[in-house]
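Chemist: quick one, fold the following:
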Amino acid sequence: MTWQTVIGLEIHVQLSTKSKLFSGASTGFGAEPNTHVDLVDMGLPGVLPVPNKDAFLKAIRFGLATNAEINQVSSFDRKNYFYPDLPKGYQITQMAMPIVGKGSIKIFANGEEKIINITRAHLEEDAGKSVHDLFDGETGIDLNRAGTPLLEIVSEPEIANAKEAVAYFKAIRQIVTFLDICDGVMAEGSMRCDVNVSMKKVDDSELGTRAEIKNINSFKFIERAIAFEIDRQTKILESGGSVVQETRLYDSVKNETRSMRSKEEANDYRYFPEPDLLPVVISDKELEEIRLSLPELPEQKEKRYINEVKLEESEARIIASSKTMANMFEEACLKTDDSSLVARWLVGEVSALLNKDNIEIDESKLTSNNFAVLIERISDKTISGKIAKSVLEEIWESGNDVDAIINDKGLVQIQDESLLENIAKKIIEDNPAQVNAYKAGKDRLFGFFVGQVMKETQGKANPQSVNEILKKLLK
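Modeler: This is a model prediction of the structure:
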């Protein structure tokens, strides 16, 4: 029997505000446990929450960037459940009146473009963190994260496979980083998602029973968790069983999903309007000011690169896919008139290193300034392309300054044509058989002579000069 996969994502984006959603405590990452906590985060009796305006402004920026409905009147609700790192016994979230309504986002997956609709994006506070590895046989509670502002972005169940799910997550990350509303560092929990997976018969109009896989914070793990879950559910259905609605976790070590608990329904949380907070009203003036402050977004940047900078569509898509890479491209283009050279290095050598190490560009040691200087040294012929590749690899490993690497290793390109001509003459004298064969019509041997000169100069010779000199001497 043919089964159709239906996937929906709930992406939690940690907004880059300086303070928490309802308190003045810092949102800084990496502090000692329970040092970024105040009375509101601790849920002590009598304390009252105060909404963080910046969180609303950032949420609205996301809504406008995804052509979503903006609810100028939004409100908060209580979501009631007990968890050790949720001191109040409830979470303040937006259920009935979220700040962002229906929107959409374009993804590119499996060689095709597709529109994924967004159901809503709402503000809510994060919970704290349970720590299991500090005390023998005991669990510690760190409330530093409690109250951190989150924007939960809920997709429609329109994602058909793991590749599309990853592309959707990447597209959301791309937008929130370009908007400067989130740093997108998944390793620090700035973005994570819950993945809902269900299977149905191709001709069925109703969706199948879904399983929710919680808190995945890696593109690779999203793809693997979905693949495992599709296989698990398909085997259950093919054997005549029924999929249980439940919440599951993904174990990246064993590459499997495991049951955590039965899946709750909305009424299990006893949602009701938050009595300590009034509805928040965004004026027309404020909304227009936010709209006018939006930066150039990835899709706009990609079109500009194609139409104005004259990049190939594939190059423009890759460069515009990352704010860091786009910044590298634009800063390097200030150092040279050859934008195609900059694009080739980003899409070629830099992307190859990213793929080899399986990292994002903002996780690497390459900076916009270092990359721009590297391109400048290629353009002004200080170093050859071959040498530049070795310099890039050194930067990749050490993060050292481009000029320092060139000077310390003596990599400056040889421009002295008389010196190059003397080297070329000696190579021609030492290889009479190859000279005779070349002059007899074996044109491919020209590359042999070029290679010998480059070898003799340890790759420092100017390739253009070498070609011109050899053509003259081998007439």
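Chemist: the biggest strand by length in the chain: which residues count as buried?
Modeler: The longest strand of the chain (DSSP state E) is strand 112-125. Buried residues in strand 112-125, defined by neighbour count with 16 or more other Cβ atoms under 10 Å: 114, 116, 118, 119, 120, 121, 122, 123, 124, 125. For every residue, glycine as well, the C-beta is placed using N, CA and C.
Chemist: thought the third one was touching residue 68?
Modeler: Put plainly, it is residue 118. Yes - Residue 118 lies in contact with residue 68 (Cβ atoms under 8 Å); the separation is 6.3 Å.
Chemist: overlap in contacts of those two?
Modeler: 100, 102, 103, 104 (Cβ atoms under 8 Å, 6 or more residues apart in numbering).
Chemist: counting neighbours, which of those comes out on top?
Modeler: Ranked by neighbour count (other Cβ atoms under 10 Å), the shared contacts of residue 118 and residue 68 have residue 100 at the top, with 28 neighbours.
Chemist: how about that residue, phi and psi?
Modeler: Residue 100 adopts backbone torsions of phi -120, psi 130, taken as degrees, to the nearest 10.
Chemist: you'd agree it is up against residue 94?
Modeler: No - using Cβ under 8 Å, residue 100 is not in contact with residue 94, being 9.2 Å away.
Chemist: find residues that contact each of the two.
Modeler: The contact lists of residue 100 and residue 94 share residue 122, where a contact means Cβ under 8 Å, 6+ apart.
Chemist: which residues of this structure score low on pLDDT?
Modeler: Residues of the chain meeting the criterion pLDDT under 70: 1, 263-266, 416.
Chemist: can you check which helix is longest in it?
Modeler: helix 219-238 (DSSP state H).
Chemist: and that helix, how far from the chain's centre?
Modeler: Taking the mean of its C-alpha atoms, helix 219-238 sits 23 Å from the chain's own mean (Cα atoms, centre = their mean, to the nearest Å).
Chemist: partner strands of the helix or strand following it, with direction?
Modeler: Remark: after helix 219-238, the chain's next helix or strand is strand 246-251, criterion DSSP states H and E. Here strand 246-251 has these sheet partners by DSSP bridges: strand 211-216 (parallel), strand 256-262 (antiparallel).
Chemist: what's next to the last one, contact-wise?
Modeler: Applying Cβ under 8 Å, 6+ apart, the set of residues contacting strand 256-262 from outside is 211, 213-214, 225, 228-229, 232, 244-251.
Chemist: give me the contacts around the following helix or strand past it.
Modeler: As assigned by DSSP H and E, the chain's next helix or strand after strand 256-262 is strand 272-273. Strand 272-273 is touched from outside by 75, 76, 77, 78, 96, with contacts defined as Cβ under 8 Å, 6+ apart.
Chemist: run the last query once more with 10 Å
Modeler: 75, 76, 77, 78, 79, 80, 90, 95, 96, 97, 279 (Cβ atoms under 10 Å, 6 or more residues apart in numbering).
Chemist: including secondary structure, neighbour count and distance to residue 191, could those residues go into CSV?
Modeler: Output for the contacts of strand 272-273, formatted as CSV (DSSP: H, G, I helix; E, B strand; the rest coil; neighbours: other Cβ atoms under 10 Å; distance: Cβ to Cβ, whole Å):
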residue, secondary structure, neighbour count, distance to residue 191
75, coil, 17, 26
76, coil, 28, 22
77, strand, 23, 24
78, strand, 20, 25
79, strand, 21, 21
80, strand, 15, 26
90, strand, 19, 24
95, coil, 19, 22
96, coil, 12, 26
97, coil, 16, 25
279, coil, 12, 28
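Chemist: once you drop chain neighbours, what's closest to residue 463?
Modeler: Distance criterion Cβ to Cβ, 6 or more residues apart in numbering; nearest residue to residue 463, sequence neighbours excluded, is residue 384 at 6.0 Å.
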